[in-house]
Every structure is written in structure tokens, then in C-alpha cells.
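Engineer: this one's sequence-less:
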């Protein structure tokens, strides 16, 4: 237990909210929101220069594009989404104590996708992508692990 | 481990253990509430006695229904998150601020403050994004920083002291509904108060006598009359704003004022007023980004990602020795089946890390050939770290260097 606590503490140091100067070996890169197509949830597909030596650009872009696709689906409605909202309104929104909204389900999908990407693509290249929900949907954080 | 609402840095008031948020100073809100509740009670108790008998019992019933509706809209506006954007972490702030030009002294010796604007093109119109030094983030278009609540609000309309909260993207429709329903209700109360007085004076044949007999009617009518001017006026103003798909803040600043700047278009305008109305009142709403009920650990999924998929016993043992050497993350045996994720999960995170075949392409481009993992012999293993094979990234210790690479995923 003590060993895992030590381990978690080190992780906290690397990825937590302590200033970058204290982190030491790890650096972070932030991918900002892309507002060129409007106010919808999109992240910029431009690859930051710090990642260029660690992974190919098209791979990175494909990952961000996939994330953007799910997020776009989160904000767009479909017949199913409208029906679900109407039904929720009829129940006085009490139904949302038992289930998630369409948006929250999409965010969970994004989280699963990012976990999968971390496992298969980013971790082997000593990178780690942090779910944007953890950062208030402001940025996608990519940690450069040493 | 503190919850996020306990470490919230803004000036808003967090209530009910993180379930509600409002402005700190609610005194004017209490006044609004008192006005509505007291005049409604007076109306229902006194005026409706005659009206229910003379006209119809549906008069007080309708009044009660409207009263409850107005209260619900008001409470929803006051206590819900208007669309507050959570503040940036210190690392984000350091990253962004390092990319801004710092404060400089130019050749004339004039001090130039740090540049905090960047241009962004949205639907053909150039917007200037501002960097908020308080919240440490690039403010999205249409959002603004509320100085009363000390946080940035998405699609900031205005801070309403009568309602006791900012009006932003998430609670604008409830604010508008409150205005409309309150104007209808004020009209209803005023009309039926006057009807009550008229009926009473007809029965007593003397208007002044009727007024003395039912003084609360006079009070209710006066309150309703004076409220109507302001509420209906505001309601009409907001109806116009909705049809033009602009916010009070933008209207005041003249961002989309075509008379002043004829080439300024509103890139969010959907074309006609009805479409704008439908979008503003019935469009999608993001859930609250504040997540007040969660633990403030600053990590969230990253901890769960790293701890729940690894076998904590074996991996921690292998990792701990390396951890004390350098702070680099260690990787341990990476296999495909992470079914014991549930036992190691942290809180709310969904732990099914199976391949999401419908949302992930079968193989990301270029994935097949560029990740080569060395095994213990130093020869490259032929496992590719994606898709199907297991025992990928198997325990490989490069004995020459101190940093051995074990995958903990």
C-alpha cells in the first residue's frame, strides 16, 4: 500500500496542479480550442512543435479529429436526443437522477477513447493525453513523460 | 481529499454542498422573492374570495399555477450554474503566458502591457480572443468576465442583482421564461385585482368604500402596476435580443451594431428571428463544467488510467524501485485484457477499457510500423502496440541504462 501511495504521489507531482517549475522532468503541451468553425466544441488539429519528434503528425491529427467528431455529436441533436429531452422534461427532469444526458454520455465516450489512445498510441511514445473534461473543456493536455 | 466546491476560487456563493451556485450578495434577490410571494399571497387570500365565488374558481387556481411557475423559473435562474468556465491550472497559465509577448518598454520609453489578444476567424468575421489573467484561460468568443462573481461566464449576458446570479448561456432561457411568465402574472394579478375592486364597488355602490374594505387589493394592484413597466420592458428587450441572437453585453458594447460599423455581421445569426429564438430557447446546453461534487485531485482520469489497468501488486513492486531512482513513469507488463480494472477504479471513472471499435478506426494511420519495442535481449520485439496482440510492450529492461521502460496502462 505504501509503495502504491509513493507511486501515486509521484504521479501527482508529474500531472497535478503544481507549477511546471516543480515538475522537473515532465513537460506539458496544451492544445487549445479551435473557434474557426464557430463556438462548437472543437480542438485545434495543429500539432505543437514539442511533439514533432515523438509522433507522426497525421497520427496526432487523426486522434484529435476523432475526438472532435464525438464532441460535435454531443452538441448536435437528432430525433432520439430531442425525444429524450422531451421525455425528461415531462418527468420534471427527475429522470436525470438515474441516467446521463446525451452530452454526458458523449463526454464519457471521449474519455474511453482517450484511455484507449493512451494505451495504444501515446504511452508507448512516452506521451499521455489528459481528458479535456478534467480541464473544464478548455484544453487537451498532453504530458511529455521522460 | 477536498471536494472541488470547497476549493472554488471565485466570489460566487456555493450552496447545498456544491449543488447550487449563486452570487454572494443575495439581498436584492430576497426583495424580489418577497415582492412576488407577499403580493401573491395577498391576492390569493383576499381578492380571490370574491372572485372565486362571483366569476369562477379557476381564477385562483390559475393564479396559483402561474405563481408556482414563476417561482420555479426564478429559483432555477438564481441557483444554477450560468456557464462558468473553470479556471486554468497553473501549468496551463505558465504555458500560455510564456507564449504571450511579455511587458516591454519600446524605443520611446513607453511601457506596453503584455499583449493578450489573438485573432480568430469565425464564419468570415475576425474576432479578438482575450486572455483572462484572472481565470488563466483564453476566453471563448461571447464569454466575458463577471467582476461581481469573479469568474468567466460563457455567453455572458449580464449580472442581474434582482435574480442574484449572472445570466449566461446555461440559465438564459430560465431567466427569459421568468421574465415572460412574471409579466403575464403581473398583468393577471392587476387585471383581476381591478375586477375585484369593481365588483366590490358595484355591490357597495361606492368605490371608496370598496377600497377601504379591501385595502390589500389596492396594494397588490399598485405593486403589479409598477412591476409591469419594468418587467414587460425588460421582457420585450430580451425578446428583441433573442431574435437578433445577441446578448446584453454585446448590445452594450456594440459588437454587432450594424449602424455604427456597417460591415460587422453577427456570425452567430441563423438568418431569421424564429430560428434564432428556437436555438436560444431550445438549443443544446452544455452540462455544468464546474463538477463541484468531485474530488479535487487535479488528476482525474490520469490516476485511474494508470492505476486501474495495471496489476497494482506486481506493477507497483516493479515500479517503486524505479520510482525512487528517478521521477519518470515506469511501465509494466502491458496486456490486452484489463478486466480487473473495476477492482482498482477510482471514483466515477468508467473503467471499461475495451477497444471502442465503433469510435476508433481499426488502426490509426501509420500505427502499424513505427512503434518497436525492445525486449530483454535488446533485439526489437515484433509486437506492435495497437490492435490485437497481447504481451505487447512486455517487460523490457534495458540493463545498460538506469531507466527501464515498463508500461503501466
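Structural biologist: Yep, that arrived. Source: prediction; values computed, not measured. Numbers count the residues shown, from 1 in each chain, chains lettered A, B, ... in the order given.

Engineer: find the closest residue to chain A in the stretch 1-150 of chain B.
Structural biologist: Here the residue of the stretch 1-150 of chain B nearest chain A is residue B:86; by CB to the nearest CB that distance is 3.4 Å. The C-beta positions use only the backbone N, C-alpha and C, and glycine is treated the same way.

Engineer: apart from its neighbours in sequence, what residue is nearest that residue?
Structural biologist: Leaving out its chain neighbours, the residue that sits closest to residue B:86 by CB to CB, 6 or more residues apart in numbering or on different chains is residue A:136, at 3.4 Å.

Engineer: for burial, what's the neighbour tally of the one you found?
Structural biologist: When neighbours are counted by other CB atoms under 10 Å in any protein chain shown, residue A:136 registers 19.

Engineer: got it, and residue B:139?
Structural biologist: 20.

Engineer: and for residue A:131?
Structural biologist: Counted with other CB under 10 Å, the neighbours of residue A:131 add up to 24.

Engineer: what separates it from chain B, distance-wise?
Structural biologist: Distance of residue A:131 to chain B, given as CB to the nearest CB, to the nearest Å: 5 Å.

Engineer: re earlier: doesn't the residue of the stretch 1-150 of chain B closest to chain A belong to a helix?
Structural biologist: No. Under the criterion used here (DSSP: H, G, I helix; E, B strand; the rest coil), residue B:86 is coil, not part of a helix.

Engineer: which residues of the stretch 1-150 of chain B score low on pLDDT?
Structural biologist: Within the stretch 1-150 of chain B, the stretches with pLDDT under 70 are B:101-115.

Engineer: which bits of it sit near chain A?
Structural biologist: Where the stretch 1-150 of chain B comes near chain A, counting by CB under 8 Å from any CB of the partner chain, the residues are B:85-92, B:94-96, B:120-123, B:127, B:129, B:137-138, B:140-142.

Engineer: residues contacting residue 136?
Structural biologist: All of this is about chain A. B:85-87, B:289-290 (CB atoms under 8 Å, 6 or more residues apart in numbering or on different chains).

Engineer: I was thinking of chain B, sorry if that wasn't clear
Structural biologist: So residue B:136 contacts B:87-90, B:92-93, B:96 (CB under 8 Å, 6+ apart).

Engineer: let's see 7 Å
Structural biologist: B:87-88, B:92-93 (CB atoms under 7 Å, 6 or more residues apart in numbering or on different chains).

Engineer: for the closest residue to chain B within chain A, give me the pLDDT.
Structural biologist: In chain A, no residue comes nearer to chain B than residue A:136, which is 3.4 Å away by CB to the nearest CB. pLDDT, residue A:136: 87.

Engineer: mind checking the backbone torsions on it?
Structural biologist: Per-residue torsions, residue A:136: phi 60, psi 30 (degrees, to the nearest 10).

Engineer: go on, residue B:293?
Structural biologist: Dihedral angles (degrees, to the nearest 10) for residue B:293: phi -80, psi 0.

Engineer: could you dump the contacts of residue B:136 to TSV with neighbour count and distance to residue B:284?
Structural biologist: Below are the contacts of residue B:136 laid out as TSV (neighbours: other CB atoms under 10 Å in any protein chain shown; distance: CB to CB, whole Å):
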residue	neighbour count	distance to residue B:284
B:87	21	24
B:88	23	25
B:92	23	26
B:93	18	30
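
Engineer: what's the closest non-adjacent residue to residue B:247?
Structural biologist: Once flanking residues are discounted, residue B:247 sits nearest to residue B:157: 4.6 Å by CB to CB, 6+ apart.

Engineer: ok, back up a step: just the buried residues of the residues of the stretch 1-150 of chain B next to chain A.
Structural biologist: Buried by 16 or more other CB atoms under 10 Å in any protein chain shown: B:85-92, B:94-96, B:120, B:122, B:127, B:129, B:137-138, B:140-142, out of the residues of the stretch 1-150 of chain B next to chain A.

Engineer: residue contacts, residue 27?
Structural biologist: This is for chain A. By CB under 7 Å, 6+ apart, the contact set of residue A:27 is A:50, A:144.

Engineer: try chain B instead
Structural biologist: Shown in contact with residue B:27 (CB under 7 Å, 6+ apart): no residues.

Engineer: pull the longest helix from chain B.
Structural biologist: With secondary structure taken from DSSP state H, chain B has its longest helix at helix B:172-204.

Engineer: give the rounded mean pLDDT of the next helix or strand after that one.
Structural biologist: Next in sequence after helix B:172-204, counting helices and strands by DSSP states H and E, comes helix B:207-213. Over the span of helix B:207-213, the pLDDT mean works out to 83.

Engineer: tell me which other helices or strands helix B:207-213 touches.
Structural biologist: helix B:172-204 (3 or more CB pairs under 7 Å, 6 or more residues apart in numbering or on different chains; DSSP states H and E).

Engineer: switch to 10 Å and redo it
Structural biologist: helix B:172-204, helix B:215-243 (3 or more CB pairs under 10 Å, 6 or more residues apart in numbering or on different chains; DSSP states H and E).

Engineer: may I see these organised as a markdown table, with distance to residue A:41 added?
Structural biologist: Converted to a markdown table, the helices and strands packed on helix B:207-213 look like this (distance: least, CB to CB, whole Å):
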| stretch | distance to residue A:41 |
| --- | --- |
| helix B:172-204 | 19 |
| helix B:215-243 | 23 |
